[in-house]
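Visitor: sequence? don't have it. structure:
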C-alpha cells in the first residue's frame, strides 16, 4: 500500500489563535457516495469512484486547508454485506481501525435507498466508538429521497445532522465549519501544498483500477489489483512531445478473468489503457504513454 504517514508537525509561526487540526473519518455503506463527497470537499480527485462495491481499499487521507484549521479526512472502505471473504474482512477491519483514532466521524447515508444490512454493519461499528458524530444525509441534489424521514428519526444519536451533496456541493461549507469545531487546537499535520497522503504511483494505480471496473463492469471481481512497474519521463522526439512513460500490470485471480480483461483481439485491454491514459493526462496535467499487461495472481482468489 503506497500511502504515506503525515510528516512530524512543524508549527508555522503565523498560525491564528485557536487554529485547529484533526482527523475526520468518512464512513457509510458501500456506494453511499463517500469518495465523490471527499473529492468535492478537497477540490480534486484523490479517491476513485465506480459503481463496484468496495472500490475504496485503503484509508486515504484528503486534506483541507482552512483559515481556521486543517481537516484531514479519512475515506474508509465501505461496509459490504456479502460472503465472508478474506478481502472483505480486511476492508471492514481497516474501517474499524480508522474509526479508533479520529476526532470526529461523518456518517454519510443515502436516503434514496432503503436502509439495509450494510447500514446495520455501520451502526454496529459506530456503537463501539465515543467520538462526536455528524449525520450527513447525502444525495441532496436528488428530487426524491424517500428514506430521509427514517434517517432524521435517528438524528438524536448524532451531534449534528446536515443535508449534503458531493455532486453539487450543497451543505459542504457548513459541514467544514462543523467539523473544525470538533477538532483540537493543534498545528497542521501537513504542509499547505499537500492535498492527500497517497503517493504518485498509488494514484496512478488507482486510476487504472478505476477503469478496469468501469470498462469491465460486473465481469471482474473487485479483488483485482494493479502494480506500477515503471514511471519515467520520456524525452521529446520528432514523433512525440515529452511524455510520462508508465508500465503497469493488472493482476486477477484466474485465467478466466485474464481472458475477459484482454478481450477478443485485445479490444478490452486497449479500452482500459486508452481511458486510463486520458484520465491520467487530465489528473497529472501532462502527456502520458501507458502500457498495461494482464497477469494472474492466484493469491487474489477467495
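Guide: Perfect, I can see it now. What you are looking at is a predicted structure, and each value in this text was computed from that prediction instead of being measured.
Visitor: list the contacts of residue 261.
Guide: 212, 216, 220, 224, 250, 252, 268-269, 272, 294 (C-beta atoms under 8 Å, 6 or more residues apart in numbering). C-beta: built from backbone N, CA, C; applies to glycine.
Visitor: SS state for it?
Guide: The three-state label given to residue 261 by DSSP: H, G, I helix; E, B strand; the rest coil is helix.
Visitor: just to check, residue 182 is in contact with residue 132?
Guide: Yes. Residue 182 lies in contact with residue 132 (C-beta atoms under 8 Å); the separation is 4.8 Å.
Visitor: what are the buried residues along stretch 284-291?
Guide: Neighbour-count burial for stretch 284-291 flags 287-288, 290 (criterion: 16 or more other C-beta atoms under 10 Å).
Visitor: ok, now stretch 193-210?
Guide: 194-198, 201-210.
Visitor: narrow the residues you listed to those in helices?
Guide: Among the buried residues of stretch 193-210, DSSP state H puts 201-210 in helices.
Visitor: which residue ranges form the helices in this structure?
Guide: Going by DSSP H, the chain shows helices at 34-42, 86-99, 117-126, 148-152, 172-182, 200-216, 255-262, 267-284.
Visitor: just to revisit the earlier point, for the buried residues of stretch 193-210, which one is nearest residue 125?
Guide: Among those, residue 197 lies closest to residue 125 (C-beta to C-beta), at 22.4 Å.
Visitor: per-residue confidence at that closest one?
Guide: At residue 197, the model reports a pLDDT of 74.
Visitor: also the one 4 residues further on?
Guide: Residue 201 carries a pLDDT value of 87.
Visitor: excluding chain neighbours, what is closest to it?
Guide: residue 228 (4.4 Å; C-beta to C-beta, 6 or more residues apart in numbering).
Visitor: about what we covered before: make TSV out of the ones in helices among the buried residues of stretch 193-210 and add distance to residue 235.
Guide: Listed next are those as TSV, based on distance: C-beta to C-beta, whole Å:
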residue	distance to residue 235
201	21
202	26
203	23
204	20
205	25
206	27
207	24
208	24
209	29
210	29
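Visitor: what sits against the nearest residue to residue 229 once chain neighbours are set aside?
Guide: Counting by C-beta to C-beta, 6+ apart, residue 229 lies nearest to residue 247, which is 4.4 Å off, once chain neighbours are set aside. Shown in contact with residue 247 (C-beta under 8 Å, 6+ apart): 228-230, 291, 293.
Visitor: if you set the cut-off to 10 Å instead, what comes out?
Guide: Contacts for residue 247 (C-beta atoms under 10 Å, 6 or more residues apart in numbering) come out as 227-232, 289-293.
Visitor: including neighbour count, distance to residue 145 and pLDDT, could the contacts of residue 261 go into CSV?
Guide: Below are the contacts of residue 261 laid out as CSV (neighbours: other C-beta atoms under 10 Å; distance: C-beta to C-beta, whole Å; pLDDT from 0 to 100):
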residue, neighbour count, distance to residue 145, pLDDT
212, 25, 31, 89
216, 21, 31, 80
220, 21, 32, 63
224, 21, 33, 81
250, 26, 37, 94
252, 25, 37, 90
268, 20, 36, 93
269, 21, 39, 94
272, 27, 34, 94
294, 21, 40, 95
